[in-house]
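Visitor: Next comes the sequence, and after it the predicted model I'd like to discuss.
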Amino acid sequence: VVTYNSVINGFCLEGNIRAAQNTFNDMLDKGLVPDMVTYSTLIYVYCKEGNIQEAYSLLDELAGKGLVADVITYSALIQGLCKERRLKNACKLFHKMLQMGLKPDQFTYTTLINGHCREGNIKKAFKLHNEMVKNGLSPDVVTYSVLIHGLCKQVRTKEANRLLFRMIYDDLIPDKVTYDKLIENCIDDNMESNVALIKGLCMKGEMIEAEKVFEIMREKNWTPNDIVYNVLIHGYCKNDNICKAYNMYNEMEELGLVPNIGAIIVLIKSLNNEGMTKESDEMLQRVMKGCLTPAAAAQTAMIEQNNEEGNMQEVIKILAEMVDDGLLPN
RNA sequence: GUUGGGAGCGA
């Protein structure tokens, strides 16, 4: 039976329902008794095709054979109904499964939540979300994605954003799909919040994620500004990827953007810590030339650093250069 | 027995 199930599923994945159905008939001919997996597979694929009728008749058939539909079967059917915009029927089926003592799981809830979102009924969607939490089921990445997308479609961008933050706070790392949805809807009105998102991820040490968001923003032809770069430089330094931070800095300069003093300081310190003194010297030169020294903060940092290392000659040199540049040490 | 169910965009 397992072998047949695998083959049936294979055909279903190809969308070849005919072959799947033939294989099913084959197994009956051979006197094999299909189990719940067999039926769920077929019900799912019929639902996907929009053939709810056939799905329902399979549901009857399995009941006639003494099999009892489980959560997976019902979830598949609920999804099918939602797809056909028969949300009322989907809800009815949901209640029926409750009555039968079946416990809906994350999949069931997410499917139904998505159904409500599709109809623009965010209120109902959140009600279900709360219900699932009350039942001890924690919403996962997909659940959040569905809700975020639902909000975005209603142009409730702020709430979508807040939810995304909550998701990160819950230690769920959103995947590319979620970002796409959110960013797609933020592109003209709210780039700052995406930068805030990157910052949040940097603070959590999720640099790969932060980079993903950055990439997506660039794919959307958004020209990065100095603020994101500063955030990313900070992030990479804090998470010990100094090379990346240094690359960001160079990229930034190429774009003619001006790094802020905070980013410069961390980067110089980090480069020194990593023993990348050539790079840090070079950077310092550039910074000193570029009159980016409002409060001589970079020089102060360099002096501190060199002083700690007992490199007094360098300290003196920096002080002398400051004076040459018209900056008086306080 | 690596056998079944949930999200976006694109076409």
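Guide: Structure's in. What do you need? Residues are numbered from 1 along each chain as shown, chains lettered A, B, ... in the order given.

Visitor: what secondary structure does the most centrally placed residue in chain A sit in?
Guide: Nearest to the geometric centre of chain A sits A:Pro174, at 2.1 Å (C-alpha atoms, centre = their mean). Taken by DSSP: H, G, I helix; E, B strand; the rest coil, the conformation at A:Pro174 corresponds to coil.

Visitor: Contact residues of the stretch 101-250 of chain A facing RNA strand B?
Guide: Residues of the stretch 101-250 of chain A that fall close to RNA strand B, judged by C-beta under 7 Å from any atom of the strand: A:104-108, A:110-111, A:114, A:139-143, A:145-146, A:149, A:175-178, A:180-181, A:184. For glycine as for every other residue, the C-beta is placed from the backbone atoms N, C-alpha and C.

Visitor: From these, which land in helices?
Guide: Taking DSSP state H as the definition of helices, those contribute A:106-108, A:110-111, A:114, A:141-143, A:145-146, A:149, A:176-178, A:180-181, A:184.

Visitor: ok, of these, which come out buried?
Guide: Neighbour-count burial (16 or more other C-beta atoms under 10 Å) applied to those gives A:Phe107, A:Thr108, A:Thr110, A:Thr111, A:Asn114, A:Val142, A:Thr143, A:Ser145, A:Val146, A:His149, A:Thr178, A:Lys181.

Visitor: Which single one of the residues you listed is nearest to A:Tyr74?
Guide: For those, the residue nearest A:Tyr74 by C-beta to C-beta is A:Thr108; the value is 6.8 Å.

Visitor: Do I have it right that that closest one meets A:Leu93?
Guide: No: counting by C-beta atoms under 8 Å, A:Thr108 sits too far from A:Leu93 to count as a contact (10.1 Å).

Visitor: who touches both of the two?
Guide: A:Tyr74, A:Ile78 (C-beta atoms under 8 Å, 6 or more residues apart in numbering).

Visitor: Can you give me the first-to-last residue distance of stretch A:151-158?
Guide: 9 Å (C-alpha to C-alpha, to the nearest Å).

Visitor: And for stretch A:194-214?
Guide: End residues of stretch A:194-214 are separated by 9 Å (C-alpha to C-alpha).

Visitor: Mind pulling up the pLDDT for whichever residue of the stretch 201-330 of chain A sits closest to RNA strand B?
Guide: Relative to RNA strand B, the nearest point of the stretch 201-330 of chain A is A:Ile216 (9.5 Å; C-beta to the nearest atom of the strand). Per-residue pLDDT puts A:Ile216 at 77.

Visitor: Look up how far A:Asn130 lies from it.
Guide: 30 Å (C-beta to C-beta, to the nearest Å).

Visitor: what distance separates the least confident helix or strand in chain A by mean pLDDT from the middle of the whole chain?
Guide: Sorting the helices and strands of chain A by mean pLDDT, DSSP states H and E puts helix A:176-186 at the bottom, at a mean of 74. Counting by C-alpha atoms, centre = their mean, to the nearest Å, helix A:176-186 is centred 8 Å from the centre of its parent chain.

Visitor: elements contacting the next helix or strand along the chain from it?
Guide: Later in the chain than helix A:176-186, the nearest helix or strand by DSSP states H and E is helix A:191-203. Contacting helix A:191-203 under the criterion 3 or more C-beta pairs under 8 Å, 6 or more residues apart in numbering; DSSP states H and E are the following elements: helix A:157-169, helix A:176-186, helix A:207-219, helix A:226-238.

Visitor: Need the residues that contact the last one.
Guide: In this structure, residues lying in contact with helix A:226-238 by C-beta under 8 Å, 6+ apart are A:195, A:198-199, A:201-203, A:205, A:207, A:210-211, A:214, A:217, A:242, A:244-245, A:248-249, A:251-252, A:257-260, A:262-263, A:266-267, A:269-270.

Visitor: residues of it that come out buried?
Guide: Across helix A:226-238, burial judged by 16+ other C-beta under 10 Å covers A:Ile227, A:Val228, A:Tyr229, A:Asn230, A:Val231, A:Leu232, A:Ile233, A:His234, A:Gly235, A:Tyr236, A:Cys237.
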